[in-house]
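Undergrad: any chance you can model this:
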Amino acid sequence: MFAAAVGALFLFIAGTVYFFEFQKIARLRSEVKERSRELEKTERRVMDYREKVTFYETREGLEHLAREQYNLAFPKERVYVIKRQTP
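TA: Predicted coordinates:
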């Protein structure tokens, strides 16, 4: 009788430990998936930034930047301004 009670107690403790460990493993797996998604997004952003840096290191990139952000133009280059009337 005593041995059966000790065995049942042992099984109960072992079952409880395994239950909580499995819950912890499931939680960690979901966190790993979430972190992997975040890492993929960050890697994509880094690739985009690297492409932009590569583009802006070229002459065409610098010209694009000068035209878009600083409204500059080459000598003898025509600039057209299109204005819309708002209704």
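Undergrad: in the chain, which spans are helices?
TA: For the chain, the helices defined by DSSP state H cover 2-56, 59-70.
Undergrad: where's Ile25 relative to Tyr18, distance?
TA: Distance of Ile25 to Tyr18, given as C-beta to C-beta, to the nearest Å: 10 Å. (C-beta placed from N, C-alpha, C; glycine too.)
Undergrad: how about Leu9?
TA: Taking C-beta to C-beta as the measure, Leu9 falls 15 Å from Tyr18.
Undergrad: report the angle between the helix or strand of the chain with the lowest mean pLDDT and helix 2-56.
TA: Lowest mean confidence among the helices and strands of the chain (mean pLDDT, DSSP states H and E): helix 59-70, at a mean of 90. Orientation check (axes from the mean of the first three to the mean of the last three C-alpha atoms, to 10 degrees): helix 59-70 against helix 2-56 gives 90 degrees.
Undergrad: show me what helix 59-70 is packed up against.
TA: Other helices and strands packing on helix 59-70, by 3 or more C-beta pairs under 8 Å, 6 or more residues apart in numbering; DSSP states H and E, are helix 2-56.
Undergrad: what is the helix it packs on packed up against?
TA: Applying 3+ C-beta pairs under 8 Å, 6+ apart, one finds that helix 2-56 contacts helix 59-70.
Undergrad: what sits up against the helix it packs on?
TA: Identification of contacts with helix 59-70 by C-beta atoms under 8 Å, 6 or more residues apart in numbering yields 55-56, 72-73.
Undergrad: now do 6 Å
TA: Under the contact criterion C-beta atoms under 6 Å, 6 or more residues apart in numbering, helix 59-70 has outside partners 55-56, 72.
Undergrad: would you turn these into CSV with pLDDT and neighbour count?
TA: Listed next are those as CSV, based on pLDDT from 0 to 100; neighbours: other C-beta atoms under 10 Å:
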residue, pLDDT, neighbour count
Phe55, 96, 13
Tyr56, 93, 12
Leu72, 86, 12
